[in-house]
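>>> structure for this input, please:
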Amino acid sequence: MNRIQIAVTGIVAMASATPALAATVSGNFQAQITIQNTCALTTAPTNLSFGTQGVLIANVDTTSTIKVTCTTGADYDIGLDAGANESSANDINTRRMTDGSSHYVGYNMYSNAGRTTVWGETVDTNTLGSTGTGAEQSFTVYGRVPAQTTPQAGSYADTVTVTVTY
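Okay, here's the model as predicted:
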């Protein structure tokens, strides 16, 4: 044999040799997680903006959106309080915006497009109930400033607290 044949024969012999296997042992483990019923306001509610108006001789309607994510199957209720400027303590029917002085614009929020069901914070009475899907769910707040005596010109606002009970 010449040198090239010897070299090729040596490479073939090395390639066909069976390497010795190392010993192995195996075991199992579990990946675990515990999911508890929970809810989150996943996006800050949008402001209920009635825009710029003149005299309040007709209803001014607008909407806002609340986005909630709850665990699949979790029952929950969304409540809206009476705001910071209600004329009667905790009375959702007396919501009003103020200019920071003693001037007010009355308004209300409803859970239906016909604006007949006032949205409050008493669970099973005037809140909006739903069941979680595990994904974000959107709920529309229907706002209305009814016709009323128009106060002095200025910027009026109120702060409303959203509560999700689950």
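
>>> tell me which stretches of the chain form helices.
Here the chain has its helices, by DSSP state H, at 3-16.

>>> point out where it drops to low pLDDT.
Residues of the chain that meet the criterion pLDDT under 70 lie in 1-19.

>>> what's around the residue nearest to Met97 when sequence neighbours are not counted, how many residues?
Leaving out its chain neighbours, the residue that sits closest to Met97 by Cβ to Cβ, 6 or more residues apart in numbering is Tyr156, at 3.8 Å. (Glycine included, C-beta is placed from N, CA and C.) Tyr156 has 19 neighbouring residues, counting by other Cβ atoms under 10 Å.

>>> who's in contact with Lys67?
Residues near Lys67 by Cβ atoms under 8 Å, 6 or more residues apart in numbering: Leu41, Thr42, Thr43, Pro45, Glu136, Gln137, Ser138, Phe139.

>>> pick the one among the residues you listed closest to Trp119.
Phe139 (9.5 Å; Cβ to Cβ).

>>> give me the beta-bridge partners of that closest one?
On the basis of DSSP bridges, Phe139 is bridged to Ile66.

>>> quick one: the residue nearest to Met97 from Ser87, how far?
The gap separating Tyr156 from Ser87 is 14 Å, by Cβ to Cβ, to the nearest Å.

>>> same question for Cys70.
Distance, Cys70 to Ser87, by Cβ to Cβ: 34 Å.

>>> more neighbours: which of those two?
Ranked by neighbour count (other Cβ under 10 Å), Cys70 and Ser87 place Cys70 first, with 23 against 12.

>>> how near is the nearest residue to Ile57 once chain neighbours are set aside to His103?
Leaving aside its chain neighbours, Ile57 sits nearest to Ala147 (5.5 Å; criterion: Cβ to Cβ, 6+ apart). Separation of Ala147 from His103 (Cβ to Cβ): 17 Å.

>>> Ala74 now?
On the measure of Cβ to Cβ, Ala74 and His103 end up 42 Å apart.

>>> so who does the residue nearest to Ile57 touch?
Leu56, Ile57, Ala58, Asn59.

>>> from those, list the buried ones, please.
For these, a neighbour count by 16 or more other Cβ atoms under 10 Å gives the buried set as Leu56.

>>> give me the number of residues near the closest residue to Ala40 other than its chain neighbours?
Spatial nearest neighbour of Ala40, excluding adjacent residues (Cβ to Cβ, 6+ apart): Thr69 at 5.3 Å. The local packing of Thr69 (other Cβ under 10 Å) involves 17 other residues.

>>> mind saving the C-alpha coords of stretch 90-97 as PDB?
Extracted C-alpha coordinates of stretch 90-97, given in PDB (Å, rounded to 0.1, in the frame of the first residue of the first chain):
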ATOM      1  CA  ASN A  90     -72.700  58.800  48.500                       C
ATOM      2  CA  ASP A  91     -75.700  59.600  46.300                       C
ATOM      3  CA  ILE A  92     -75.000  58.500  42.700                       C
ATOM      4  CA  ASN A  93     -78.000  60.500  41.500                       C
ATOM      5  CA  THR A  94     -76.400  63.800  42.600                       C
ATOM      6  CA  ARG A  95     -73.100  63.600  40.700                       C
ATOM      7  CA  ARG A  96     -71.700  66.900  39.700                       C
ATOM      8  CA  MET A  97     -68.600  68.500  38.400                       C
END
